[in-house]
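A.B. asks: Provided below are the primary sequence and the corresponding predicted coordinates.
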Amino acid sequence: MADTEAFDAFYKDARGRLLLQTYLLTGDLPVARSAVREAFTIAWHHWSKVGARPDPLPEVRTRAWAIAQRRSTARPWHREKGIDPEVARTLEVLDDLDGTPRRLLVLSETEGTALAEASRELGVTVEDGARHLAVGRAEYALQRGLETPEAVDASFAAVAASLGDVRWPRPSILRRAGTRRRRVHTVVGVATAVAAVVASGAVVHDDSGTATSLARSVEREGAPATPTPEPPPSTFGTDMLLDAQQVGSVTGTGWSAEVDDNTSGDGLVVPCQQSRYADVEGLAGYVSTFTPTGEQGEQGGQEGQQDAGQRVLQINELSRQAEEADATFDTWRGWFAGCSVPRTQLVGTYDVTGVGDEAAAFVLSTAGDPGTLLTAGVARTGDVTTVVAYDGVGAAQDSREGVVQLLAGAVDRLCAADDSRTCATTAEARSRLPFPVGETPQMLDVIDLPPLGSVDQPWTATRPVEASANDAATVCDAAQFSNLTDPLTRTFVVTDAGLPDTFGLTQTVGALPDDQAADDFVGTIEGRMGSCVSQDLVTDVTPIGGADFDDGRLLAWRLDVRVDEDRTVSILMGVARVGNRVTQVGFAPTGNQDVDDETFTQIVTRARERLAAAP
C-alpha cells in the first residue's frame, strides 16, 4: 500500500512539469503526452528500484525525454493550427539550440534545478554545465529578443499556459499497465529459461522417477516462479579486462589495477566521457583503472618514470547484440571526437585497422600547469565495446602506439572468451580526417582551437548564421560569401577573460557552382593579397603557409597594419578550397593573446579538413 500511495503522489506531483519539459524539448505535444505516460508506466514496473531513490524524477525524466525524441517529428509546431505565435517562436528557438544547452535551460527555467544536479543528470561536469547553460541562455534570449531574465521566465510560462488542462489517466491505470508489463517480461524470461532447459536436455523428475515439465513443478509447489535478474553471460566478466602485467609489458612500467562495475560515483571515468554508460540498455560494464607503482616493467622502463598523476584506463561495455554495440562504439567515438572538456584541443584522429570489427584512436591536449595529453582508443568486437586511454599529465608526446597495442590486447581477451567475436591481427593507426561533430560539421568547432596560454577560460562559439557579411575577410581581400550557396559564418571568442571586443576568430564557408569557380574564388583572394602592399602603404602582407591538394589548396597570410608611428596591429587570415566548397578564417589577436604563424596555419588546415570530412 505504501508503494502505491508513494507512486500515485509522485505521479500527480510531477506529471505536469514533466509534460511541459518534454514538450519544450521536442515541440511535439502528442508525442510528449504519450512519452510521459509511458515513462510513468515503466517507472511503476521498476518501482522497487525507482521509488527507493531520493528523487525518482530524474530517472523518469530521462526515460520520457528519450522516448519523445525517438518518436517526435520535425518541427511539428509549424503544422499545428491555432498555436500561439509566441509559443511557436519559443519552440523554434529552443529547437535551434544544441542538445545539452537546451536541456540545461529547460531544467533551469521549469524545474529550478541546481546547476550541479542538472549537470550530473545530463552526464557533464559542472564546469561544462555552466558553460552550456550560459551559451543556451544567451542564445535563447538573443534569438527571442528578450532583454531581461523576467522576460525569459515569461516566455516559458506562456508555453506552460498554452497546455491548458491536460486530461491524465488515473494512477491506477498506469499501475495496471506497469504490472502487465512486468508480467510480460516475466513470461518472456520464463519462456527463455524453459527453452534453455529443453535445449540443454535437462529434465526434472518426480519422486517416482517420471519426467515432468517445468510447469508441473511450479504447479506442484503451489506458487508461480519468481523471476531473478539475469546475470551477465559467463563469457563476460572482470577477467576480460587487461591486467597490470599486460599494461606493463607495453609501457615498460609497473602498474596496479583497481577493477569495478562503475556503479558508484558519477561514473565518468575517462576524460571526455559524458555519461556512465554509452549503452544505457547494455547488459554489463566494467572499468579498470591502472596507476603507476614505480616498479620497473618487463621491457626495462625506468623506475619512477611515470608520474602519479598518469593513468591507464579501460572500460568494457557488453550490449545485447552487435547492432547495439555498433551504436555504443559510435557514441564513444563521438565523445572523443567532440570532447567537451574545457581548453581541450583535438590534436589527431586515426583509423585503427586490424583490431576487432572497427576501431579508432584520438589524441587530445588539455591546457594546464602541467598540461595533459590524452591518447584514447575505442574498438568494437561483436557485442562488446572496449575503450583504452592513457591519461598523461605533463606528457611530451602521445602514447598512440602503446594504446593501439593495448586495444588489440583488450580485443583478443574478449574474443578468446567468445569465438563469435573478431580478434586482432596486425594493429595499425593511420591518420584520417576528423569525425564530423556538431550541427554544422563543415565548420570549425571549439575542440579544433588551441587554448590561449595565459587565459584560463575556454573558447566559446556563436551559433552559425547566414553570412550576409564576412567578418573573416581583411581590408585587402574584401571577400564576400553572401552570393555563394549555403554561406555560413560563426565567431569564436573567449568570454570572462577581460579581452577587448576586437579579439576573436571568425570562419565563413560557402559553395560555388563547380570546382573551377571555387578555385577562381580562391585565386581572386590570392591576387588581392599579393597586390595589397602596393595599394595600401600602411599594410604589410606576409605569406605564412600554403599547400596544394588533389581536391583544392590552402593559403595563409599575416597582415601588419600600422595604426600610427608607435603601434602596429596584426591580423591573420587563411583561405582553403575543397572541391567546390571554400572557407575563410580570420583571427584578430590582442596583446600577447596571439598564435604563431605555424599554429594559425594548422587552424586553417583543420578548417579545410572539416570541410572535406563533412557529409
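C.D. replies: Structure received. Computed from a predicted model, the values in this text were never measured in an experiment.

A.B. asks: and D540, helix, strand or coil?
C.D. replies: What DSSP: H, G, I helix; E, B strand; the rest coil gives for D540 is strand.

A.B. asks: need phi/psi at the nearest residue to it once chain neighbours are set aside.
C.D. replies: Excluding its sequence neighbours, the residue lying closest to D540 (Cβ to Cβ, 6 or more residues apart in numbering) is D560, at 4.5 Å. Every C-beta, even on glycine, is put in place using the N, C-alpha and C of the backbone. Torsion angles at D560 (phi, psi; degrees, to the nearest 10) stand at phi -110, psi 110.

A.B. asks: tell me the contacts of D560?
C.D. replies: Going by Cβ atoms under 8 Å, 6 or more residues apart in numbering, D560 touches T539, D540, T542, T568, V569, S570.

A.B. asks: okay, domains of this protein per the record?
C.D. replies: Residue ranges for the domains of the chain, per automatic domain parsing: 2-162, 171-221, 238-431, 446-613.

A.B. asks: related to what we said a few turns ago, mind putting the contacts of D560 into TSV with pLDDT and distance to A461?
C.D. replies: Formatted as TSV, the contacts of D560 follow (pLDDT from 0 to 100; distance: Cβ to Cβ, whole Å):
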residue	pLDDT	distance to A461
T539	80	29
D540	88	30
T542	93	28
T568	79	29
V569	81	24
S570	85	23
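
A.B. asks: ok, the helix or strand hosting G354: who's next to it in the sheet?
C.D. replies: G354 is located in strand 344-355, with elements delineated by DSSP states H and E. Strand 344-355 has its sheet partners listed here by DSSP bridges as strand 358-366 (antiparallel), strand 424-431 (antiparallel).

A.B. asks: hang on, the earlier thing: which one of the contacts of D560 is nearest T440?
C.D. replies: S570 (28.1 Å; Cβ to Cβ).

A.B. asks: ok, the closest one to T474 distance?
C.D. replies: Counting by Cβ to Cβ, to the nearest Å, the gap from S570 to T474 is 11 Å.

A.B. asks: show me what the strand or helix carrying T524 is packed against.
C.D. replies: Using DSSP H and E, T524 sits in helix 515-535. Packing partners of helix 515-535 (3 or more Cβ pairs under 8 Å, 6 or more residues apart in numbering; DSSP states H and E): strand 539-549, strand 552-564, strand 567-578, strand 581-588.

A.B. asks: which of those has the highest mean neighbour count?
C.D. replies: Highest mean neighbour count among these (mean count of other Cβ atoms under 10 Å): strand 581-588, with a mean of 24.

A.B. asks: one step back: the residue nearest to D540 and D391, how far apart?
C.D. replies: Applying Cβ to Cβ, the value for D560 to D391 is 41 Å.

A.B. asks: kindly report the same for A141.
C.D. replies: To D391, A141 is 38 Å away according to Cβ to Cβ.

A.B. asks: what helix or strand does V287 sit in?
C.D. replies: Using DSSP H and E, the element containing V287 is strand 284-296.

A.B. asks: likewise for L313?
C.D. replies: Secondary structure from DSSP H and E places L313 in strand 311-318.

A.B. asks: direction included, what does that strand pair against?
C.D. replies: As assigned by DSSP bridges, strand 311-318 forms pairs with strand 284-296 (antiparallel), strand 384-393 (antiparallel).

A.B. asks: now do that strand, average pLDDT.
C.D. replies: Taken as a whole, strand 311-318 carries a mean pLDDT of 95.

A.B. asks: pick the most deeply packed of the strands paired with strand 344-355.
C.D. replies: strand 358-366 (a mean of 23).

A.B. asks: after it comes which helix or strand?
C.D. replies: Immediately after strand 358-366, counting by DSSP H and E, sits strand 372-381.

A.B. asks: off-centre distance for that next one?
C.D. replies: Mean C-alpha position of strand 372-381 versus that of the full chain (Cα atoms, centre = their mean, to the nearest Å) differs by 15 Å.

A.B. asks: could you dump the helices and strands packed on helix 515-535 into CSV and include distance to D398?
C.D. replies: Output for the helices and strands packed on helix 515-535, formatted as CSV (distance: least, Cβ to Cβ, whole Å):
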stretch, distance to D398
strand 539-549, 23
strand 552-564, 24
strand 567-578, 26
strand 581-588, 25
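
A.B. asks: of those strands, which approaches A360 most closely?
C.D. replies: Using Cβ to Cβ as the measure, strand 567-578 is the one of the helices and strands packed on helix 515-535 that comes nearest A360, at 21.9 Å.

A.B. asks: the closest one to strand 581-588, inter-axis angle?
C.D. replies: Counting by axes from the mean of the first three to the mean of the last three Cα atoms, to 10 degrees, strand 567-578 lies at 160 degrees to strand 581-588.

A.B. asks: okay, and the helix or strand of the protein with the least pLDDT?
C.D. replies: helix 214-221 (a mean of 32; mean pLDDT, DSSP states H and E).

A.B. asks: now the helix or strand following that helix against strand 284-296, angle please.
C.D. replies: Note on helix 214-221: by DSSP H and E, the next helix or strand toward the C-terminus is helix 244-251. Put simply, helix 244-251 runs at 60 degrees to strand 284-296, going by the same axes, to 10 degrees.

A.B. asks: just use 491 as the starting number from now, easier for me
C.D. replies: Okay, residue one is now 491; in that scheme the one you just asked about reads as helix 734-741.

A.B. asks: buried stuff in helix 734-741?
C.D. replies: Across helix 734-741, burial judged by 16 or more other Cβ atoms under 10 Å covers A734, Q736, V737, G738, V740, T741.

A.B. asks: against D902, how distant is the second one?
C.D. replies: What that stands for is Q736. Separation of Q736 from D902 (Cβ to Cβ): 10 Å.

A.B. asks: tell me the SS of the residue nearest the centre of the chain?
C.D. replies: Nearest to the geometric centre of the chain sits W825, at 4.0 Å (Cα atoms, centre = their mean). Counting by three-state DSSP, the backbone at W825 sits in helix.

A.B. asks: pLDDT weak spots in this protein?
C.D. replies: Residue ranges of the chain with pLDDT under 70: 491-492, 563-565, 567-571, 668, 670-725, 784-799, 1026-1027, 1053-1055.

A.B. asks: show me the contacts for the nearest residue to R1043 once chain neighbours are set aside.
C.D. replies: Leaving aside its chain neighbours, R1043 sits nearest to R1067 (5.9 Å; criterion: Cβ to Cβ, 6+ apart). Contacts for R1067 (Cβ under 8 Å, 6+ apart) come out as A1008, D1009, F1011, V1012, D1041, G1042, R1043, L1044, R1098.

A.B. asks: what bridges to R1067?
C.D. replies: With DSSP bridges as the criterion, R1067 is bridged to V1072.

A.B. asks: any idea how far it lies from L978?
C.D. replies: Using Cβ to Cβ, R1067 is found at 16 Å from L978.

A.B. asks: go on, D493?
C.D. replies: D493 is 53 Å from L978, by Cβ to Cβ.

A.B. asks: the more surrounded of these two?
C.D. replies: Set D493 next to L978 and count neighbours by other Cβ atoms under 10 Å: L978 wins out with 19 against 13.

A.B. asks: would you indicate which residues of stretch 927-944 are buried?
C.D. replies: 927-928, 930-942.

A.B. asks: which one of those is nearest D816?
C.D. replies: Proximity of the buried residues of stretch 927-944 to D816 (Cβ to Cβ) peaks at V927, which lies at 18.8 Å.

A.B. asks: identify the residues contacting the closest one.
C.D. replies: When the contact criterion is Cβ under 8 Å, 6+ apart, the partners of V927 are G824, A827, G828, D935, I937.

A.B. asks: what does D756 give?
C.D. replies: For D756, the contacting residues are R610, R766, by Cβ under 8 Å, 6+ apart.

A.B. asks: is it part of a helix or strand, or is it coil?
C.D. replies: Look at D756: counting by three-state DSSP, its state is coil.

A.B. asks: tell me how far it lies from D1030.
C.D. replies: 52 Å.

A.B. asks: export whatever helix or strand V583 lives in to PDB, keeping only CA atoms.
C.D. replies: In this assignment (DSSP H and E), V583 forms part of helix 575-586. Taking C-alpha atoms only, helix 575-586 is exported to PDB below (Å, rounded to 0.1, in the frame of the first residue of the first chain):
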ATOM      1  CA  PRO A 575       2.900  32.600 -32.500                       C
ATOM      2  CA  GLU A 576       4.900  33.400 -29.400                       C
ATOM      3  CA  VAL A 577       4.800  29.800 -28.200                       C
ATOM      4  CA  ALA A 578       5.800  28.600 -31.700                       C
ATOM      5  CA  ARG A 579       8.700  31.100 -31.700                       C
ATOM      6  CA  THR A 580       9.900  29.800 -28.300                       C
ATOM      7  CA  LEU A 581       9.700  26.200 -29.500                       C
ATOM      8  CA  GLU A 582      11.600  27.100 -32.700                       C
ATOM      9  CA  VAL A 583      14.400  28.900 -30.900                       C
ATOM     10  CA  LEU A 584      14.800  26.000 -28.400                       C
ATOM     11  CA  ASP A 585      14.900  23.600 -31.300                       C
ATOM     12  CA  ASP A 586      17.800  25.600 -32.800                       C
END
